[in-house]
Structure formats: structure tokens, C-alpha cells
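Enquirer: Quick one, fold the following:
(one chain, ligands or ions: 1)
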Amino acid sequence: MAETYTFDAKDLAEIEKLTAKYPEKQAAVLPVLWYAQDKFGHSDPAVQKLVSETLGVPEAHIRGVVSFYTQFYDKPMGKNVLDVCTCLSCQVCGGYDMLHYIEEKLGIKAGETTPDGQFSLQSVECLGACGYAPMLQVTNDKFVNHLTREKVDKLIEDLKAGNKPEFESNPMPQHEKGS
Ligand code: FES
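Expert: Predicted structure coming up:
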């Protein structure tokens with residue numbers, strides 16, 4: 001039987017605050033979906049239905065938003081979601097090599113989750129960090145830049161041990177001292 005999801009009184013109060021910032025409820029779909037995904041861990045069709053009913057916005061519209069953004073998960077995901085960028089800059093710098101290396105290492109293909117629920121893998125469009133190609137993002141949060149096989153090995157080891165990688169901030173040339 002499909003799981004059902006509900007918002008409690010605290011959730012509804014938070015959602016009320018979010019929707020109050022916009023002239024109409026449909027404009028609040030993104031922040032409310034984000035809130036829902038944070039609570040339930042994903043935005044699968046049952047969560048989409050709940051958001052649709054809560055905001056009075058057609059389910060088809062909610063589904064369209066979820067399917068447009070890779071940041072929204074339309075099914076339950078692993079504990080760590082690895083978004084490997086395979087867009088142009090990352091692609092020419094070995095993004096697909098990194099993706100295939102991770103597929104081999106985890107024994108899954110892009111779009112799948114490991115049987116132990118530890119990792120989901122996605123091939124995604126540009127994450128706005130082209131200068132650091134090839135790169136990936138961990139669960140809509142930390143970026144890991146200038147990927148190599150060694151770096152991927154270390155990252156997966158760290159995540160398995162429950163350690164999040166540090167945010168990698170590499171200064172762009174114009175921000176370097178003395179330039
Ligand atoms: S192409 Fe990969 S971050 Fe832009």
C-alpha cells in the first residue's frame with residue numbers, strides 16, 4: 001500500500017508563513033515543496049498530492065515542478081545523493097569518466113540507489129561550478145570539485161563513515177591575492 005503523508009499543525013503554520021510572502025499560493029510552490037522534501041526526504045507522488053491539496057494548486061503543476069528540477073527527488077533516495085555534473089565543461093574535463101567510475105564502484109547505474117540505501121547516483125546538468133570541473137554535489141549541499149578517482153574513493157569512504165565533505169571553495173583567479 002502506498003505510504004501517506006500529512007502535515008501537522010506546526011508544518012501548516014510554517015507553510016502559512018511561506019505562502020504569506022507571495023501574492024498567490026501557486027507562487028509558493030517551490031518553497032513549500034522544499035519544506036516538504038526536507039520533512040519527508042523526497043517529493044514522490046504522494047508528497048506531491050499533499051502539497052497540491054495543501055496549496056490548492058493542481059497536482060499536474062506540482063509534478064511539472066518536481067520533474068523539472070533535479071534537486072527535487074520524485075522517489076525515496078539513498079542517504080547520500082551524488083549528483084555528478086555531466087554538462088559541457090564537466091564533460092570535457094572527464095565528468096562521464098567520473099560518473100562511470102562511481103557507477104562501477106557502487107555497482108549501480110545513474111538513477112539508481114545501492115541496495116543498502118547508502119547512495120543514490122544522478123547525472124545532472126550544470127551546477128554553476130564549471131570552473132571547478134569535473135565536480136559533483138552531495139545531497140543538494142556540499143560541492144566536491146576537480147574530481148579524481150582518488151578523491152572519489154576518499155569521498156565514498158568518508159560518507160560511509162558518516163562524515164560530510166568540507167565545502168570546497170577554490171578562489172577564482174580574479175579573487176586571488178595580488179591580482
Ligand atoms: S558544467 Fe559542470 S558545473 Fe557547469
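Enquirer: hey, where'd the helices end up in this structure?
Expert: 9-19, 29-40, 45-55, 59-68, 88-92, 95-106, 149-160 (DSSP state H).
Enquirer: Given the helix or strand bottoming out on mean pLDDT in the chain, what are its sheet partners and their directions?
Expert: The weakest-scoring helix or strand in the chain, judged by mean pLDDT, DSSP states H and E, is strand 142-144 (a mean of 93). With DSSP bridges as the test, strand 142-144 is paired with strand 136-138 (antiparallel).
Enquirer: Contacts for the partner strand next, please.
Expert: 80-85, 98, 124, 127, 143-144, 147, 155, 159, 164-165 (Cβ atoms under 8 Å, 6 or more residues apart in numbering). Backbone N, C-alpha and C define where each C-beta goes, glycine included.
Enquirer: for the ligand, what are the nearby residues on the chain?
Expert: 85, 87, 88, 89, 90, 126, 127, 128, 129, 130, 133, 135 (Cβ under 6 Å from any ligand atom).
Enquirer: burial of the second one, as a residue count?
Expert: Okay, so that is residue 87. By other Cβ atoms under 10 Å, the residues close to residue 87 number 16.
Enquirer: now the fourth one
Expert: The number of residues packed around residue 89, counting by other Cβ under 10 Å, is 16.
Enquirer: ok, it - contacts?
Expert: Contacts of residue 89 (Cβ under 8 Å, 6+ apart): 126, 130, 131, 133.
Enquirer: remind me which residues of this structure are low pLDDT?
Expert: 1-2, 167-179 (pLDDT under 70).
Enquirer: ok, back up a step: which of the contacts of strand 136-138 tops the neighbour count?
Expert: Ranking the contacts of strand 136-138 using other Cβ under 10 Å puts residue 85 first, with 29 neighbours.
Enquirer: Grab the CA positions of stretch 67-80 and hand them over as PDB.
Expert: C-alpha atoms of stretch 67-80 as PDB (Å, rounded to 0.1, in the frame of the first residue of the first chain):
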ATOM      1  CA  SER A  67      10.200  16.800 -12.800                       C
ATOM      2  CA  PHE A  68      11.900  20.000 -13.900                       C
ATOM      3  CA  TYR A  69      14.400  20.400 -11.000                       C
ATOM      4  CA  THR A  70      16.900  17.500 -10.300                       C
ATOM      5  CA  GLN A  71      17.000  19.000  -6.700                       C
ATOM      6  CA  PHE A  72      13.600  17.500  -6.100                       C
ATOM      7  CA  TYR A  73      13.500  13.800  -5.700                       C
ATOM      8  CA  ASP A  74      10.400  12.100  -7.200                       C
ATOM      9  CA  LYS A  75      11.100   8.900  -5.300                       C
ATOM     10  CA  PRO A  76      12.800   7.900  -2.000                       C
ATOM     11  CA  MET A  77      16.500   8.300  -2.300                       C
ATOM     12  CA  GLY A  78      19.600   6.900  -0.600                       C
ATOM     13  CA  LYS A  79      21.100   8.600   2.500                       C
ATOM     14  CA  ASN A  80      23.700  10.300   0.200                       C
END
